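Q: Using only what follows, build the 3D model:
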Amino acid sequence: MKYEKRDAKAYARDNLRGIWAATLTPFDTHLQLDEAGWRRNLEHWYRNLGIQGLFVNGKQGEFFSMTVAERKRTADLAIEAAGSDRGVMVSCSDQNLDTVVELATHAEKAGADYIVVHTPLLYFGAHTSDTLYEYYRYICEQVDIGVALWNQPPDCGYLLEPDVCLRIAQIPNVVAIKYSVPREIYARLTRMAKGQLIVSTSNEEEWLDNIVELGWQVYLCSTPPYLLQTGSDKRMHEYTELAMRGEVEKARIVKESLRSVREALKSSRPAGKAAAQQKYWQELLGQAGGQVRRPLLNLTKEEKAAVRHAFERCGLRGSAAAIASLASSQ
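A: Numbering: from 1, shown residues only. Got it, this is the predicted structure:
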């Protein structure tokens, strides 16, 4: 641990900053964890793209199809690759509370910076303020590591209301929330939190406005940091740095220049196949993408062709070699 439990909030205010990306987990053709590919991706994300931190084993990473041992292994490798100058937030979300605590304890001992735990799926209207507070209080009591809340209403079936967020934020090692809700709601929580809780969301298109208008310090997080950028084309990083320095108009110009890339990525995504499409986009960028595990579905040959067509015309720089390499292998 890099800090004491009582210092978790202060540590996060000083260090949970910049761009943090949610990782996709590469599985090979036999649906086994592609460890070599995972290591290559980690090195690329941290060193070539300069991503400040990684959010490991979340929904993008298909945690629901991974064993506990696999989740621990991917976390260990991410922490190892981070070194002393990059961060790791490990998702410990699970329907079984004992598994959440086991993963949280492992992440803390392995040297993660923070953990994140999704609001639980509850039944018969059990998502009361008392239930949710006690859920996070119990988890936080088991560990000293900083804990981020995570609420996405379509997943769990309810909104973690801003006042409940602030109640939970009174727990010493609750430091942040990934709040995947409409902007008016997360803006309200940001104004209410006043330093008690770091608020963020995963929408890259709103990130610049959130820096400028809400004073946000961290993008936490989804896949755009490594799908919209290459080693020689880091425009998301560029506009973030400009905005943080107060050069807002320049930042807006750079952000707007990514419009064609965003549109290509979104428009070529078949319904229900977000993970598979993003993994194939990774491969087009020269990263390890691989297969998805059931119950998710992989892309068809025709769907891959459509993604590739969109990618080739999107305007990302420095990706021609990766396209050529992938083409020769198919």
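Q: who touches the strand or helix carrying E213?
A: Using DSSP states H and E, the element containing E213 is helix 204-214. For helix 204-214, the external contacting residues (Cβ atoms under 8 Å, 6 or more residues apart in numbering) are 183, 187, 190, 199-201, 216, 219, 222, 224, 228, 236, 239-240, 243-244, 248, 251-252, 255, 262. In this view, the C-beta of every residue, glycine as well, is placed from N, C-alpha and C.
Q: Narrow these to those in helices?
A: Cross-referencing those against helices under DSSP state H gives 183, 187, 190, 224, 236, 239-240, 243-244, 248, 251-252, 255, 262.
Q: In the residues you listed, find the pair that's most separated.
A: T190 and R262 (23.9 Å; Cβ to Cβ).
Q: Just the CA coordinates for the helix holding E213, please, in PDB.
A: Only the C-alpha atoms of helix 204-214 are listed here, as PDB (Å, rounded to 0.1, in the frame of the first residue of the first chain):
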ATOM      1  CA  GLU A 204     -15.200  10.500 -23.900                       C
ATOM      2  CA  GLU A 205     -17.300  13.000 -25.800                       C
ATOM      3  CA  GLU A 206     -18.200  14.800 -22.500                       C
ATOM      4  CA  TRP A 207     -14.700  14.600 -21.000                       C
ATOM      5  CA  LEU A 208     -13.500  18.000 -22.300                       C
ATOM      6  CA  ASP A 209     -16.600  19.800 -21.100                       C
ATOM      7  CA  ASN A 210     -16.300  18.100 -17.700                       C
ATOM      8  CA  ILE A 211     -12.800  19.400 -17.300                       C
ATOM      9  CA  VAL A 212     -13.700  22.900 -18.200                       C
ATOM     10  CA  GLU A 213     -17.200  23.200 -16.600                       C
ATOM     11  CA  LEU A 214     -17.000  20.800 -13.700                       C
END
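Q: and the angle for it with helix 248-256?
A: Counting by axes from the mean of the first three to the mean of the last three Cα atoms, to 10 degrees, helix 204-214 points 170 degrees away from the direction of helix 248-256.
Q: so for helix 204-214, what's the average pLDDT?
A: Across helix 204-214, pLDDT averages out at 98.
Q: what about that helix, distance to the chain center?
A: Here helix 204-214 is found 17 Å from its chain centre; the criterion is Cα atoms, centre = their mean, to the nearest Å.
Q: ditto for stretch 4-16
A: With Cα atoms, centre = their mean, you get 20 Å for stretch 4-16.
Q: ok, and for it, which residues are buried?
A: D7, A8, K9, Y11, A12, N15, L16 (16 or more other Cβ atoms under 10 Å).
Q: Residues in contact with that stretch: which ones?
A: With Cβ under 8 Å, 6+ apart, stretch 4-16 has contacts from 2-3, 53, 87, 113-114, 144-147, 172-176, 195-196, 198, 217-218, 220.
Q: Ok, stretch 240-248 next?
A: Residues outside stretch 240-248 that contact it (Cβ under 8 Å, 6+ apart) are G18, I19, W207, L208, I211, V212, Y219, K250, A251, V254.
Q: change it to 6 Å
A: Contact with stretch 240-248 is made by I19, L208, I211, V212, K250, A251, as judged by Cβ atoms under 6 Å, 6 or more residues apart in numbering.
Q: Can you turn the buried part of the contacts of helix 204-214 into a PyMOL selection?
A: This is how PyMOL selects the buried members of the contacts of helix 204-214, with burial counted by 16+ other Cβ under 10 Å:
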select buried, resi 187+190+199+200+201+216+219+222+224+228+236+239+240+243+251+252+255+262
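Q: A288 - that's part of a helix, no?
A: No - using DSSP: H, G, I helix; E, B strand; the rest coil, the assignment for A288 is coil, not a helix.
Q: how about it, what does it touch?
A: P26, D34, G37, R40, N41.
Q: repeat for V56
A: V56 touches T23, T74, A75, A78, V90, counting by Cβ under 6 Å, 6+ apart.
Q: 8 Å instead?
A: V56 neighbours (Cβ under 8 Å, 6+ apart): T23, T74, A75, A78, V88, M89, V90, S91.
Q: Drop anything exposed from the contacts of A288.
A: Taking 16+ other Cβ under 10 Å as the criterion, what is buried in those is P26, D34, G37, R40, N41.
Q: for the contacts of A288, which one is nearest V292?
A: Distances from V292 to those, taken by Cβ to Cβ, are shortest for P26, at 10.1 Å.
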